[in-house]
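1. Build me a model from this:
(one chain, ligands or ions: 1)
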Amino acid sequence: MSRHGSSESTGASVQWELGTAHSYGEYLQLDRLLNAQQPRSRQPDELMFIVVHQVAELWMRLLLEELAGVLECVRRDDLGPSFKRFARICGVQSQLLSGWEVLASLTPADYAAFRNALGRASGFQSHQYRLLEFQLGNKNAQMLAVHRGDRAVSARLERALRAPSLYDEALRLLSRRGYGIPDSILSREFSEPYVPSKPVAAAWLAVYHNAHKDWDLYQLAEHLIDLDYRFQLWRCHHLKTVERIIGHKPGTGGTGGVSYLAEALRLQLFPELWQIRNAM
Ligand code: HEM
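-> Numbering: from 1, shown residues only. Predicted structure coming up:
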């Protein structure tokens, strides 16, 4: 029987297919996980720095799974199960936010003591972060350049760049439910950045006014705002943490540092959902 066979939904079949773990450590592959922290300096703070980044990457891995699930639900107009996933996404985003509390214990001198060990390594090169941004609708083809050296990652990023984002799928759903979304938006070039428009704002406003009729769309809108809100908080905490640790010095990834991060602060993933707050 294949791993993806028809009876996979039963726990028993999954155990049969993958084999039962003999211990906690084996099940979680702790040997690999706990040997993946390899500081390159003798500075004790570097371990914390590595752990915080690795934990963030693990949370992003889960976010990508959950987002793929949400996208699937929106595509087939079955929002109920997506709300459970949105709730989990919200919990993961809170965990990502709490990571900054740990990093805030790093002083400029602590960081300077191992900064050279990083070389040119930077979160800027996180392909999972870029995938998340593409799936959420922040499309920027220039960001592919960083990953040219890795064919598998490049291919995954290119697919995400060209595919409709969560917001594109949400707008398609609004259209299927009778809300007026122009064809030019429904069949736009998905690899291009999204451009906000008045008809989309009007459609979302109508959803809020029709909440009693289309409660699930109203709930979807609020989940999207929640996700965007927490994403913005993450960016904001990142910027302030970076500022308190390296000031306005350039980053290891080669950007201006805080000035680069500040640009992203203005970014809204679902812009019309913010705009219509002015009209309520
Ligand atoms: C001492 C802690 C940190 C410092 C000083 C720092 C610094 C920076 C700087 C200066 C940039 C701009 C790109 C560059 O020139 O390098 C950046 C980007 C980035 N960092 Fe951090 N960072 C820190 C912690 C983290 C953590 C814990 C994460 C979690 C994964 C992270 C993820 C990212 C991501 C995803 C970007 C790209 C953002 C974008 O392109 O919009 N950073 N970081």
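
2. Next, work out how far apart the closest residue to Ser259 other than its chain neighbours and the ligand are.
-> Leaving out its chain neighbours, the residue that sits closest to Ser259 by Cβ to Cβ, 6 or more residues apart in numbering is His248, at 7.0 Å. (Glycine included, C-beta is placed from N, CA and C.) Noted for His248: a distance of 10 Å to the ligand, by Cβ to the nearest ligand atom, to the nearest Å.

3. Break this structure into its domains for me.
-> Domain ranges of the chain: 1-36, 44-279, per automatic domain parsing.

4. Read off the pLDDT value for the residue nearest to Ser259.
-> We have a pLDDT of 97 for His248.

5. neighbours around the residue nearest to Glu169 when sequence neighbours are not counted, how many?
-> The shortest distance from Glu169 to any non-neighbouring residue, by Cβ to Cβ, 6+ apart, is to Val74 (4.5 Å). As a burial measure, Val74 scores 21 neighbours (other Cβ atoms under 10 Å).

6. Might you report the residue contacts of the residue nearest to Ser259?
-> 256-259 (Cβ atoms under 8 Å, 6 or more residues apart in numbering).

7. Any chance of those in JSON lines with pLDDT as columns?
-> Below are the contacts of His248 laid out as JSON lines (pLDDT from 0 to 100):
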{"residue": "Gly256", "pLDDT": "95"}
{"residue": "Gly257", "pLDDT": "96"}
{"residue": "Val258", "pLDDT": "97"}
{"residue": "Ser259", "pLDDT": "97"}
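
8. distance of Val70 from Ala104?
-> Val70 sits 31 Å away from Ala104 when distances are taken as Cβ to Cβ, to the nearest Å.

9. Which of those two has more residues huddled nearby?
-> Remark: of Val70 and Ala104, Val70 carries more neighbours, 27 against 13, as counted by other Cβ under 10 Å.

10. Next one, pLDDT for that one please.
-> Looking at Val70, the pLDDT reads 98.

11. Repeat that for the one 5 residues further on.
-> Residue-level confidence at Arg75 comes out at 97, pLDDT.

12. What residue in the stretch 101-250 of the chain comes nearest to the ligand?
-> The nearest approach of the stretch 101-250 of the chain to the ligand comes at Gly123, 2.1 Å away (Cβ to the nearest ligand atom).

13. I'd assumed His53 was in contact with that residue.
-> Yes. If you go by Cβ atoms under 8 Å, Gly123 and His53 touch, sitting 7.2 Å apart.
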